[in-house]
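Peer 1: I would like to see how this sequence folds:
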Amino acid sequence: MFLVVVSALCATAQDVIFLGANDSIAAKVLSVGTSEITYQKWSNLEGPIYSIPVNQIAAIRYMNGTYDFFNTMNSKTKQEVLPNKNMMLLTRSGNTYYCGNQVMNKQAMLEWLSTQDCPAAFNQFSVGYRTASAGWFLMGFGLGLDLVGTIILARSGSNKAGAAIMGVGGALEIACIPTIAVGYSKMHQTVNMYNVACGTTAQVKPYWSLQASINGLGIAYNF
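Peer 2: Take a look at the predicted model:
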């Protein structure tokens, strides 16, 4: 069960070179020049150094979460590219996403992004969706263990096994909170990322949310 969370979070601990909407390379980027980039494959960091022309790259997502986008003239920019008139502005209110008159939940948003020519946004949302899903799985599993432990304690009075099962369940419920928060944060950031890739300004409708920071968890009003 912990492998689900680890695999979801580790998906971001690498550089990703996007070549197109459905084509990417997991890598460690070594250099980014005006005409080409050099990298090593993430699956073989002791292996050879590869190079690829800049004009074949759509975007690079680095392991620290930052992005380099490449405009239609294939010159590197920081978080901005030339406007794409074929893309529509995304907006969001809570966990509901809007593109024009189209209203989408998380699953519909993921499917919609897979049809768009914006690989960085699709990958960001996919990672967030998987991470949040792993968090909800931990919550459900933890609640199930709590129920089992409670039943054991109710039937046997004082039982170490029941208490231990409830302890594991409680730990999973605690672990699910930051996991879900990170996942939703990544999904929400996709709105800005997609709109930046379109050369527009992100719009987010006011909403309340649970947010995690270095100071802990809290309720925030976002506008």
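Peer 1: partner strands of the longest strand that the chain contains, parallel or antiparallel?
Peer 2: Ranked by number of residues, the top strand in the chain under DSSP state E is strand 23-32. Note on strand 23-32: by DSSP bridges, its sheet partners are strand 15-20 (antiparallel), strand 36-41 (antiparallel).
Peer 1: buried ones in the first one?
Peer 2: By neighbour count, with 16 or more other C-beta atoms under 10 Å as the criterion, the buried positions of strand 15-20 are Asp15, Val16, Ile17, Phe18. Where you see a C-beta, it was placed from the backbone N, CA and C, and this is true even at glycine.
Peer 1: can you check stretch 35-55 too?
Peer 2: Going by neighbour count (16+ other C-beta under 10 Å), the buried part of stretch 35-55 is Ile37, Tyr39, Gln40.
Peer 1: that older thread, of the strands paired with strand 23-32, which is nearest Met63?
Peer 2: Nearest to Met63 among the strands paired with strand 23-32 is strand 15-20; the distance by C-beta to C-beta comes to 5.6 Å.
Peer 1: what lies in contact with the closest one?
Peer 2: By C-beta atoms under 8 Å, 6 or more residues apart in numbering, the surrounding residues in contact with strand 15-20 are 24-29, 37, 39, 42, 52, 56-63, 117, 119-120, 123.
Peer 1: now do 10 Å
Peer 2: For strand 15-20, the surrounding residues in contact (C-beta atoms under 10 Å, 6 or more residues apart in numbering) are 23-30, 37, 39-40, 42, 50, 52, 56-64, 67-70, 117-124, 127.
Peer 1: low-scoring stretches of the protein, by residue?
Peer 2: Scanning the chain for pLDDT under 70 picks out 1-13, 20-23, 65, 70-88, 157-158, 197-223.
Peer 1: ranges for the strands of it?
Peer 2: Under DSSP E, the chain gives strands at 15-20, 23-32, 36-41, 50-53, 59-61, 67-70, 76-77, 90-93, 96-99, 102-104, 203-204, 207-213, 216-222.
Peer 1: out of the strands paired with strand 23-32, flag the one nearest Cys99.
Peer 2: Comparing those by their distance to Cys99 (C-beta to C-beta), the top pick is strand 15-20, with 20.6 Å.
Peer 1: starting at the chain centroid, how far to that closest one?
Peer 2: 15 Å (C-alpha atoms, centre = their mean, to the nearest Å).
Peer 1: same deal with stretch 163-176?
Peer 2: In terms of C-alpha atoms, centre = their mean, the centre of stretch 163-176 is found 25 Å from the chain centre.
Peer 1: in that stretch, what's buried?
Peer 2: Taking 16+ other C-beta under 10 Å as the neighbour-count basis, stretch 163-176 is seen to contain the buried residues Ile165, Met166, Val168, Gly169, Leu172, Glu173, Ala175, Cys176.
Peer 1: let me know the closest of those residues to Gln107.
Peer 2: Using C-beta to C-beta, the buried residues of stretch 163-176 come closest to Gln107 at Cys176, 19.6 Å.
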